[in-house]
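Chemist: I'd like to go over a predicted model; first the sequence, then the structure.
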Amino acid sequence: MKQSSEKLGLKKIGINSFQTITRQSLSIVFGLGLYILLARILGPEGSGLYAMGLLLPSTLATFLNLGVTSSNVYFIASGKVTPVQAAKTSFLLWAVLSLIGCLAASAVIITQGEVWFPGVPKFLLWLGTLAFPVILLLAFLEGFFQGVQDFKSYNMFLLLVPGLTLVFALILVGILRTGVMGALLSFIGGNVVGLLIGLGMLRSHIRRNKQEVIGSGSKNYLRECLNYGWKSHLSNMLAFVNYKADIFLVNFFLSPAATGIYSISVLIAEKLWILSYSVGAVILPHLSELHQEEQKRKQLTPLIARWVLFASSLGAAIIALVAFPFINLLFGKEFAPAFGALLWLLPGVAIYSMARVLSNDIAARGKPELNCYNELVVVTVNVLANIVLIPRFGIKGAAIATSIAYILGAITKLWIYSYVSKNEWWKPIIFDSYDRSFIKESIKLVIKAFAR
């Protein structure tokens, strides 16, 4: 029996997804503004020092997250843990992981700083390390707001961070000319102020739930959080490796110049994932909430997956039509070869957007380890194909290899989803009669939004 769009919560999902997409787009604008500012004032060397100064804390934050963000989304949204309990456990883990991360960073800087970061002054590495605890706690808060499905707060505080960073950079780097140190201080300042605002928003949720008393249950959640989180975290780590593998191998087999050109292709192609990321951030807690309403979940996920696939494919076609003059205008004629690689990247990136939606359904069923197995397949194929194709076809070979890996990953993810959900494999990719009513209601929603 097919549910109405209202019962499936599509209006709520649509509004929250639109807000998240808007925030993502503005974040890209702020990020681009910061990149242009630093590039013009600091030059290539200064921009490189800024990037290297943030490499260690961002890497530590990625590796030491332990999947706590995903755990908070799943357990809060499914009602298996209270917001107060999740917040207390998150702060406990943050304190421990921050100490471990800072000690690890100190050991690296003192013993291997000159080896791993040649040409980078140590004081910049020490300064950048101050950002690590802030970045980590921001990630934990992100999962909290997703879990309670407060996307207004979620999008507001995540948008504030790049916006504030740009404002601080305009003052410290643009006006006061404090160089790379000012750029790092701008990043830290933007993140700290954004974090303080996020903590203020968190307090409102804690006050609403202050009657909830945490006893021994917090210890149980700590164990459950880490048990669920490491599976999700491993998947995220493999995805992180997968995103960087082709760029690393292009530099290994070709040259830094080829890497720079190929990076432009990746930068443009992966903008297609704004939609799947935004929708995924919204539907993961919603699908977790529907853990006792399987029929709704079986109808909702394929509907969203096929529309994300359609919109991403349409976006890929548009990018293919306009990318060549765009690349020449913004990046210069020396980056023109990026267009050829981009054309090979687009099919894989567009098709894999559907798989990213299915990943959220699988995670919402409490089986994030299945996403990990799928990412392992994608990484393996990607690395092997890049090793074979880059020496023969250059950056186009890297793009072909990556596209092959993404397409194969989408096929295996489709099979995994069908297996765990007991849904037909073709539903996430083929339109059915329900889509007509979905189109009508979506048009009404858009008209109503613009009429306000």
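Modeler: Looks like it arrived, so ask away. Numbering: from 1, shown residues only.

Chemist: So which residue is smack in the middle of this structure?
Modeler: In the chain, the C-alpha nearest the mean C-alpha coordinate belongs to Tyr277, at 6.4 Å (CA atoms, centre = their mean).

Chemist: Give me the neighbour count for the closest residue to it other than its chain neighbours.
Modeler: Among residues not flanking Tyr277 along the chain, Gln24 sits closest, at 6.8 Å (CB to CB, 6 or more residues apart in numbering). Bear in mind the C-beta positions are built from the backbone N, C-alpha and C, glycine included. Other residues near Gln24 number 20, with proximity taken as other CB atoms under 10 Å.

Chemist: Let me see the contact set for Gln24.
Modeler: Ile274, Tyr277, Ser278 (CB atoms under 8 Å, 6 or more residues apart in numbering).

Chemist: so where does it fall, helix or strand?
Modeler: helix 10-63 (DSSP states H and E).

Chemist: Downstream of that helix, the next helix or strand is which one?
Modeler: Following helix 10-63 in sequence, per DSSP H and E, is helix 68-77.

Chemist: in stretch 157-170, what's buried?
Modeler: 157-169 (16 or more other CB atoms under 10 Å).

Chemist: Format those residues as JSON lines; extra columns: secondary structure.
Modeler: As requested, the buried residues of stretch 157-170 are arranged in JSON lines below (DSSP: H, G, I helix; E, B strand; the rest coil):
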{"residue": "Phe157", "secondary structure": "helix"}
{"residue": "Leu158", "secondary structure": "helix"}
{"residue": "Leu159", "secondary structure": "helix"}
{"residue": "Leu160", "secondary structure": "helix"}
{"residue": "Val161", "secondary structure": "helix"}
{"residue": "Pro162", "secondary structure": "helix"}
{"residue": "Gly163", "secondary structure": "helix"}
{"residue": "Leu164", "secondary structure": "helix"}
{"residue": "Thr165", "secondary structure": "helix"}
{"residue": "Leu166", "secondary structure": "helix"}
{"residue": "Val167", "secondary structure": "helix"}
{"residue": "Phe168", "secondary structure": "helix"}
{"residue": "Ala169", "secondary structure": "helix"}
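
Chemist: Tell me the one among the residues you listed nearest to Gly397.
Modeler: Pro162 (33.9 Å; CB to CB).

Chemist: And the pLDDT for the closest one?
Modeler: In this model, Pro162 is scored at 89, pLDDT.

Chemist: what do you get for Asn374?
Modeler: Note for Asn374: predicted pLDDT of 91.

Chemist: need the contact list for it.
Modeler: Counted by CB under 8 Å, 6+ apart, Asn374 has contacts Ser235, Ala355, Ser359, Gly409, Thr412, Lys413, Ile416.

Chemist: residues in contact with the second one?
Modeler: Pointing back at Ala355 there. By CB under 8 Å, 6+ apart, the neighbours of Ala355 are Asn374, Tyr406, Gly409, Ala410, Lys413, Leu414.

Chemist: what's the pLDDT at it?
Modeler: On the pLDDT scale, Ala355 gets 94.

Chemist: just the angle between the helix or strand where it lies and helix 68-77, please?
Modeler: Under the criterion of DSSP H and E, Ala355 resides in helix 338-364. Interaxial angle, helix 338-364 versus helix 68-77 (axes from the mean of the first three to the mean of the last three CA atoms, to 10 degrees): 40 degrees.

Chemist: Among the contacts of Gln24, which one sits closest to Val241?
Modeler: Closest to Val241, out of all of the contacts of Gln24 and judged by CB to CB, is Tyr277, at 18.3 Å.

Chemist: That closest one and Arg356 touch, don't they?
Modeler: Yes. Tyr277 is within contact range of Arg356, at 7.3 Å (criterion: CB atoms under 8 Å).

Chemist: Among the contacts of Ala355, name the ones in helices.
Modeler: Asn374, Tyr406, Gly409, Ala410, Lys413, Leu414 (DSSP state H).

Chemist: In the stretch 51-200 of the chain, what residue spans correspond to helices?
Modeler: Assignment of helices within the stretch 51-200 of the chain using DSSP state H, counting those that start in this stretch yields the ranges 68-77, 83-116, 122-129, 131-147, 151-169, 179-208.
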